[in-house]
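Asks: What shape does this take:
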Amino acid sequence: MRRLPSLLSCLLLLCALLPAGRAAADSQFASNALGVGIRPVHVRAWAMGALETALADTSRLSLSNPALAAGMNRVSMNILYHAERRHARSGEGEHTYNSSGFPLFEFLIPIGDRLALGLGYHELQDMGTEKIRLETFDDPVDYTTLFERHGSVFRVPAVAAFRLFRDVRIGLRLDTYFLSIEEDYDLDFADSDIRDTRERFLIGGDGTGGAVGVLLPLGRSGSLGFTWSQEVRLRVDRQREGLSGTVSGERARIEVAPRFGAGLSWRFDERWTAGAEYALSSWESVKDTVAALGGYRDVASFAIGLERMPDRNDPWFVRLPLRAGFRVDPLMYGDREGNRIDRWAVTCGTGFSLGGGAGICDLAVEYGRIGDQDRNGLEESYTRVVVGFTGQEPWRRRKSYLE
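Replies: Residues are numbered from 1 along each chain as shown. The predicted model follows:
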């Protein structure tokens, strides 16, 4: 049970793919766990509440709003590493999990002054779990089920960004989604005369979608951004393997709701930058083979962020940029009783340039909470540390050895 994306929530997938009735409905530590999202943005934006729509930055690459890439005039790359510690509580007890990885890599090449082409890798969801004991409903045969999962959901974004008149920018993004999961169920029977068994489920799928982004300048100090992502359909194959090999297979379809986002970024003098964003995801319009646990609901989310740049007269301990942010992003489904599941996070961070023009390193810390034990019967809190590196090189013609 590790990190999960806001767009492709773990519970949405598992409701379609796991055998019905295996896990107790309120078990947070098994197949019905909540999840933590990976934000596909550079770490400066992450530290400011994960602003992804209008925070224009010519030094750091981001493909979250494809229009932002049009402001890059050098060959650029962005890589991100994160580690987190999660603490889960429900009526069944408390558990702590650790995870880490490299969920993001992006690369961009400018073509002249008006066009930029980018390609990336976004790990949206790590489906891995520790080996977990599942609670079962009443059964005439007494046994214990141990559950374990490996796999990921990720996408490959391809971006074409254009710089138009008066620095108006527009970007187009083609997203290819992939899903690969392996699940193991070990059944340990209390009766020694019954042989213990193992079942394995192999799940794979793919789908494509697209997004459009726009960035409008507001004088020299601000920018206004918009994004729209279309509905995505993932085609999923699920095979069940018993002791003697493949037993059965089935197909499922998972949909991701369309999403509209708007954001504002403003710089006050040379030291302060503030940003705010709002997004609406229309999950109630989704019609697929997945029955969400407590029904789909439209999601309205918002984020705010603030950055203070250092001044030469500042004391030594504040000679780095200081960033902070806050984000509210409820889940798009309710619990089994239909109650809303809230999600919020606070962020902070800083950054510094590497010597010799080697790039920029940014750091962020995020603390968040999902659900409420009293209302939803389950709750997760987490602390995450994120490190990002962005590098750039001039786009020059290689000289011949004769020149």
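
Asks: can you give me the helices in the stretch 251-400 of the chain?
Replies: 373-376 (DSSP state H, counting those that start in this stretch).

Asks: Spell out the residue ranges of the strands in it.
Replies: With DSSP state E, counting those that start in this stretch, the ranges of strands along the stretch 251-400 of the chain come out as 259-268, 272-281, 299-308, 322-328, 343-354, 359-370, 378-393.

Asks: Any chance of TSV for these, columns distance to residue 102?
Replies: From N, CA and C alone the C-beta is placed, and that goes for glycine too. As requested, these are arranged in TSV below (distance: least, CB to CB, whole Å):
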stretch	distance to residue 102
strand 259-268	25
strand 272-281	25
strand 299-308	24
strand 322-328	22
strand 343-354	18
strand 359-370	15
strand 378-393	10
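
Asks: how about those in JSON lines, adding distance to residue 167, mean pLDDT and mean neighbour count?
Replies: Formatted as JSON lines, the strands of the stretch 251-400 of the chain follow (distance: least, CB to CB, whole Å; pLDDT from 0 to 100; neighbours: other CB atoms under 10 Å):
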{"stretch": "strand 259-268", "distance to residue 167": "14", "mean pLDDT": "94", "mean neighbour count": "19"}
{"stretch": "strand 272-281", "distance to residue 167": "18", "mean pLDDT": "95", "mean neighbour count": "20"}
{"stretch": "strand 299-308", "distance to residue 167": "21", "mean pLDDT": "95", "mean neighbour count": "20"}
{"stretch": "strand 322-328", "distance to residue 167": "25", "mean pLDDT": "96", "mean neighbour count": "20"}
{"stretch": "strand 343-354", "distance to residue 167": "25", "mean pLDDT": "93", "mean neighbour count": "18"}
{"stretch": "strand 359-370", "distance to residue 167": "22", "mean pLDDT": "93", "mean neighbour count": "20"}
{"stretch": "strand 378-393", "distance to residue 167": "19", "mean pLDDT": "89", "mean neighbour count": "20"}
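
Asks: Nearest to residue 62, out of those strands?
Replies: Residue 62 sits nearest to strand 378-393 of all these, at 9.2 Å, using CB to CB.

Asks: Can you check what angle separates the closest one from strand 359-370?
Replies: Orientation check (axes from the mean of the first three to the mean of the last three CA atoms, to 10 degrees): strand 378-393 against strand 359-370 gives 170 degrees.

Asks: Against which helices or strands is strand 378-393 packed?
Replies: Using 3 or more CB pairs under 8 Å, 6 or more residues apart in numbering; DSSP states H and E as the contact test, the elements touching strand 378-393 are helix 43-47, strand 75-90, strand 359-370.
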